[in-house]
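Asks: Sequence below, structure please.
(one chain, ligands or ions: 1)
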Amino acid sequence: KDVNSNIPAIANYFGTKGRYEEVNPHLLDDILSVNKSILKPGCTGCTAVHVTAIIRHGTRFPTSKNIRRMQRLYDLVLNEAVATDTWLNDIKTKWHMWYTDDMDGKLVKKGRDDHRHLAVRLATLFPSLISEENLRNGRIRFITSSKHRCVDSVVAFQEGLLNLWKVAEVGLGHKINDELMRFFDQCQRFIEGVENNKTALEQVYLFKDSAEMKRVQMKMADQLQVPYSHITTDLVEAAFFLCSYELAIKSLNSPWCNLFDETDAQVLEYKNDLKQYWKRGYGHDINRKSSCTLFHDLFNRLDRAAHEIRFGHVSEAVTIQVGHAETLLPLLALMGFFRDEMPLTADNLDMQRGRTFCTSRIVPYAANLVFVLYDCSEGLRLQFLLNEKPLNFPNINHSAPLYGTVREAYGELLHGCNFEKECELHIPNHANEL
Ligand SMILES: O=P(O)(O)O[C@H]1[C@H](OP(=O)(O)O)[C@@H](OP(=O)(O)O)[C@H](O)[C@@H](O)[C@H]1OP(=O)(O)O
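Replies: Predicted coordinates for the structure are as follows:
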């Protein structure tokens with residue numbers, strides 16, 4: 001059966017729990033296909049001299065928080081739901097709850113394949129940089145978050161390269177660096193002001209009580225023929241996530257998907273986007289300011305390559321950095337990508353249907369930000385690829401502008417964006433404050 005026909009219509013609305021294939025559907029036919037024409041940075045005599053790739057881990061299991069919710073939903077369906085439809089009967093008699101608490105966000109086999117295949121596609125795009133020779137002579141550096149799903153992803157990425165070149169283990173390593181890949185854990189102002197501050201996600205809570213969400217809850221209760229009060233927003237989300245995980249992990253169009261149509265899915269997608277916007281995106285300045293460390297690290301690498309190429313040799317040809325959706329989103333916001341005119345709020349879903357801050361399109365599993373530095377006849381150029389597709393820097397109308405133009409555009413951040421200053425907690429000293 002054609003694999004594409006087995007994809008639920010709502011698969012494009014799974015937000016940060018979406019498959020990479022939904023963002024790049026051509027990969028469903030050929031997982032290793034690349035489009036080299038995107039690399040023509042619109043100039044002559046260009047040679048790629050450095051690549052930095054900041055990559056989200058691959059497909060993972062649900063976190064324990066969501067596994068518990070899924071178990072509660074499954075129990076409710078088994079004990080209370082009246083099965084009239086075939087799909088509901090399938091949930092009650094054929095499907096079983098196979099997720100267990102110990103899975104807690106760990107990488108799944110599909111997630112390892114996500115990174116193995118991404119490694120091969122990037123090596124195909126940049127054969128002179130992501131090469132066996134550069135791997136052997138230590139010109140490819142691997143950095144990861146300490147979380148198991150990220151460590152397992154970077155190992156899978158390396159396996160993809162070793163398999164491609166039919167090379168036995170060459171003692172590859174990776175450096176764990178949470179200061180870079182989990183910067184949000186070390187930013188006091190973020191921890192106090194957002195992570196541990198319920199009011200920071202007020203719009204998410206308001207949306208949970210919105211008419212749009214109530215409609216989805218009541219529809220689900222009606223389909224299951226259970227009292228409205230038994231279907232909370234958490235259980236609605238658990239059903240939505242079950243559909244997303246069954247597709248992402250097992251490529252199945254699960255019976256759970258029948259609970260939602262595209263209108264319902266757009267409501268649940270917006271709820272997730274509200275969470276990401278207010279916790280990782282433009283909602284609070286500190287969200288993006290906490291990524292200053294990663295921003296400066298990126299441009300320090302690019303600057304070093306730009307300096308070294310003048311002497312004909314770039315010491316670090318490739319940097320592979322593996323993190324989380326919450327690593328990529330704040331950096332994208334700091335650099336001005338996907339900024340809507342209007343903030344995302346609980347009451348403006350209808351006006352935000354065409355929003356640019358849409359995590360389903362930006363950060364699926366294995367999402368990746370790739371920065372390519374070219375040495376061209378007219379100077380150095382920088383190209384940005386998001387999920388293997390070119391994306392212009394904000395307010396720069398060129399697919400690979402001069403590197404100096406990009407540095408100028410980010411001049412204020414390059415000369416500022418001091419992590420310590422941005423993240424320190426301002427403890428009012430009453431004597432001075434008076
Ligand atoms: O809703 P869950 O518990 O899955 O949220 C996870 C994050 O998953 P996401 O919301 O991005 O789908 C997870 O991000 P990931 O990129 O590592 O998958 C994050 O690490 C984890 O802490 C949960 O985020 P939260 O903000 O703590 O809910």
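
Asks: which residue sits closest to the residue sitting nearest the centre point of the chain, ignoring its sequence neighbours?
Replies: For the chain, the residue nearest the mean C-alpha position is residue 363 (2.9 Å; C-alpha atoms, centre = their mean). Leaving aside its sequence neighbours, residue 363 sits nearest to residue 325 (C-beta to C-beta, 6 or more residues apart in numbering; 4.5 Å). All C-beta atoms are positioned from the backbone trio N, CA, C, and that covers glycine.

Asks: OK, contacts around that neighbour?
Replies: 16, 56, 276, 280, 359, 363, 367 (C-beta atoms under 8 Å, 6 or more residues apart in numbering).

Asks: ok, now how distant is it from residue 156?
Replies: Taking C-beta to C-beta, to the nearest Å as the measure, residue 325 falls 18 Å from residue 156.

Asks: what's the answer for residue 312, then?
Replies: 34 Å.

Asks: which one of the two has more residues nearby?
Replies: residue 156 (24 against 7; other C-beta atoms under 10 Å).

Asks: what does the helix or strand that that one is a member of contact?
Replies: Using DSSP states H and E, residue 156 sits within helix 148-164. Outside helix 148-164, the residues that touch it by C-beta under 8 Å, 6+ apart are 55, 57-58, 60, 105-107, 111-120, 123, 130, 132, 135, 142-145, 167-170, 172, 174, 176, 181, 320, 322-324, 366.

Asks: Quick one, which of the residues you listed are buried?
Replies: Buried members of the contacts of helix 148-164, counted by 16 or more other C-beta atoms under 10 Å: 55, 57-58, 60, 105-107, 111-120, 123, 130, 132, 135, 142-145, 172, 174, 181, 320, 322-324, 366.

Asks: out of these, which are inside helices?
Replies: Counting by DSSP state H, the part of the buried ones among the contacts of helix 148-164 found in helices is 111-120, 123, 132, 135, 181.

Asks: just those that are near the ligand?
Replies: With C-beta under 6 Å from any ligand atom as the criterion, no member of those is in contact with the ligand.

Asks: export the residues you listed to a markdown table and tack on distance to residue 195 and pLDDT?
Replies: Shown next, in a markdown table, are these (distance: C-beta to C-beta, whole Å; pLDDT from 0 to 100):
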| residue | distance to residue 195 | pLDDT |
| --- | --- | --- |
| 111 | 25 | 98 |
| 112 | 29 | 98 |
| 113 | 32 | 98 |
| 114 | 27 | 98 |
| 115 | 28 | 98 |
| 116 | 33 | 98 |
| 117 | 33 | 98 |
| 118 | 29 | 98 |
| 119 | 32 | 98 |
| 120 | 37 | 98 |
| 123 | 37 | 98 |
| 132 | 42 | 94 |
| 135 | 38 | 93 |
| 181 | 17 | 98 |
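
Asks: Can you name the two of the residues you listed that sit furthest apart?
Replies: Using C-beta to C-beta, those reach their maximum pairwise distance at 132 and 181, which is 26.1 Å.

Asks: Thanks again, I'm all set now.
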